[in-house]
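*Asks:* turn this into a structure:
(chains A and B)
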Amino acid sequence: MELEEAKEKIVEALTKKAKSKSKFYFNDLSKILDLKPRAAKKLITRLIETEVLEYWSSGSTTMYGLKGMGKQAAAEHED
Amino acid sequence: MAKHATPLLDQLESGPWPSFVSDMKQEAEARAKNENNVEYQIPQDACEDLLGVLELSFKDGTTHWKHGGIVGVFGYGGGVIGRYCDQPENFPGVAHFHTMRVSQPAGKFYTTKYLKEICDLWERRGSGLTNMHGSTGDIIFLGTTTPQLEEIFYELTHNLNQDLGGSGSNLRTPSDCIGQARCEYACFDTQDLCHNLTNEYQDELHRPAFPYKFKFKFDGCPNCCVASIARSDLSFIGTWKDDIRIDQDAVAGYVSGEFKPNAGAHAGRDWGPFDIQKEVIDLCPTGCMKYEDGKLLINNKECTRCMHCINVMPRALRPGLERGCSMLAGAKAPILDGAQMGSLLVPFIEVNKDNDYQEIKDVIEKIWDWWMEEGKNRERLGELMKRQGFQKLLEVTEIKPVPQHVQEPRSNPYIFWKEDEVEGGWDRDINEFRKHHQR
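*Replies:* Alright, predicted model coming up:
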């Protein structure tokens, strides 16, 4: 899968759910891309580098969100 | 005069042990005086406000920290843990108080120059408070503001040749014992393996794509000084295949009182003369030793590498020479389902520098492939092993079941035959069977 296609799929899926959810697990993203984790990771890392996505970390768990979406400093399970 | 009155914290200083409260007060005072003319990049009174917010938490019986956030350095998903105070107006010095994890050197060997430099950096760009070391092994920098993160990262990487450690759903900073650098028990070079795997798995350390945290720890011998068996998802413990080396003259030296047992440890009281029967032979968990006619005999086939006899008589007994490590999988702390110790996965594997530890890396990567595909969100390897079974782990790692994998034969046999492994499968000729067995 090309980066552009991955970007389109991720942005569309995450925007659709934006009202109820702004942070997603890695597994959610690889399911959206319909790829095995290692293949998905390469594309998702590129999306972080190009600032489409950003990491959110609780310290123990990391999640992903569209850059600038959702609460900035939300605590775990608070959303 | 302290900025906030802290009567409850002051009480913590009255106990017999050194208190972290005293350390924080000391740092608060040093920052207020600023004798070295440090150009503080975060509020000078951060430590004062930290004491204040902690006092308030004791008073209220609740935390005033919010936890987590998008803070980090560009491209890294770990190494920075967002911390915000929920009383920013009362305690502006700690409104942002993020933690940074700094990857510790293998075996935690430092030069004083290095320690001074990282402390100076943290004094200037952070609170000055550190945690040496966090339970994960890293150097923990406690408390800085968001704009300082990239600055600190730049200075660490460019001036100090130092990387951030792991946090979040990452490979956490691998951690090891001091190993062959100072310990004669170490059965493999823990520092080299730790350093090699840290470099090999940089992507896993900095770009989180695991279901949850994952820890490697390396112990050079079964004394397990970094407690890898209890604290890491994948634990490497040095071991040997051949016989414990015995110096019978030295054994006699211990028996006669010439050498102090335990290398002179526990010398705070008089334990009486050394009794080899009571202190060594009778304490062997498998009963594989005897002392007869002034000779120590060990049935090495029964030895479980508990290390007790070697620890008590280090001059007389030494690990064997055919050395490598055991790999155990699935240890974790008790967030879900209680704590788990590691389960033995690979009884013995060579720790081979010459081929860049390829055999070990093959096992690691097969485990990760399985866990990344099958693991649920926030599920540790040990929980997946419980859910899908140890046998599944053996399948994915292509390791043949051996007796060491079964804890108690017959009472808890979790390795089962499959139909295609049994000659003739499950089908049988029922008429032939009935000739010999009534209904």
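
*Asks:* around chain A, pick out the residues from the stretch 251-400 of chain B.
*Replies:* Neighbours of chain A within the stretch 251-400 of chain B, by Cβ under 8 Å from any Cβ of the partner chain: B:369, B:372-373, B:376-378. To be clear about C-beta, it is placed using only N, CA and C from the backbone, and glycine gets the same treatment.

*Asks:* the residues you listed in strands, which ones?
*Replies:* Per DSSP state E, strands hold no members of these.

*Asks:* can you redo those residues as TSV with pLDDT and neighbour count?
*Replies:* Output for those, formatted as TSV (pLDDT from 0 to 100; neighbours: other Cβ atoms under 10 Å in any protein chain shown):
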residue	pLDDT	neighbour count
B:369	97	15
B:372	97	20
B:373	96	14
B:376	96	12
B:377	95	14
B:378	94	15
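
*Asks:* name the nearest of those residues relative to residue B:140.
*Replies:* residue B:378 (22.5 Å; Cβ to Cβ).

*Asks:* might one say that that closest one is in contact with residue B:211?
*Replies:* Yes - using Cβ atoms under 8 Å, residue B:378 makes contact with residue B:211 at a distance of 6.6 Å.

*Asks:* dump stretch A:23-41 to CSV, keeping only the CA atoms.
*Replies:* C-alpha atoms of stretch A:23-41 as CSV (Å, rounded to 0.1, in the frame of the first residue of the first chain):
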residue,chain,number,x,y,z
LYS,A,23,-7.3,8.4,20.4
PHE,A,24,-6.8,4.9,18.9
TYR,A,25,-4.7,1.9,19.6
PHE,A,26,-2.1,0.7,17.1
ASN,A,27,-4.3,-2.4,16.5
ASP,A,28,-7.2,-0.2,15.5
LEU,A,29,-5.0,1.5,12.8
SER,A,30,-3.7,-1.7,11.4
LYS,A,31,-7.2,-3.0,11.1
ILE,A,32,-8.2,0.1,9.2
LEU,A,33,-5.3,-0.4,6.9
ASP,A,34,-6.1,-4.2,6.8
LEU,A,35,-2.3,-4.9,7.1
LYS,A,36,-0.2,-7.1,9.3
PRO,A,37,1.3,-5.1,12.2
ARG,A,38,4.8,-4.9,10.8
ALA,A,39,3.7,-3.6,7.4
ALA,A,40,1.2,-1.2,9.1
LYS,A,41,3.9,0.1,11.4
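
*Asks:* is it in proximity to chain B?
*Replies:* Yes - using Cβ under 8 Å from any Cβ, stretch A:23-41 reaches chain B at A:25-27, A:36-38, A:40-41.

*Asks:* mean confidence score for that stretch?
*Replies:* For stretch A:23-41, mean pLDDT is 95.

*Asks:* likewise stretch B:425-439?
*Replies:* On average, the pLDDT along stretch B:425-439 is 89.

*Asks:* over to stretch A:56-64?
*Replies:* Averaging pLDDT along stretch A:56-64 gives 91.

*Asks:* now a ChimeraX select for only the buried ones of the residues of stretch A:23-41 next to chain B.
*Replies:* Typed into ChimeraX, the line below selects the buried ones among the residues of stretch A:23-41 next to chain B, using 16 or more other Cβ atoms under 10 Å in any protein chain shown:
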select /A:25,26,27,37,40,41
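
*Asks:* secondary structure added to the residues of stretch A:23-41 next to chain B, as JSON lines?
*Replies:* As requested, the residues of stretch A:23-41 next to chain B are exported to JSON lines (DSSP: H, G, I helix; E, B strand; the rest coil):
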{"residue": "A:25", "secondary structure": "coil"}
{"residue": "A:26", "secondary structure": "helix"}
{"residue": "A:27", "secondary structure": "helix"}
{"residue": "A:36", "secondary structure": "coil"}
{"residue": "A:37", "secondary structure": "helix"}
{"residue": "A:38", "secondary structure": "helix"}
{"residue": "A:40", "secondary structure": "helix"}
{"residue": "A:41", "secondary structure": "helix"}
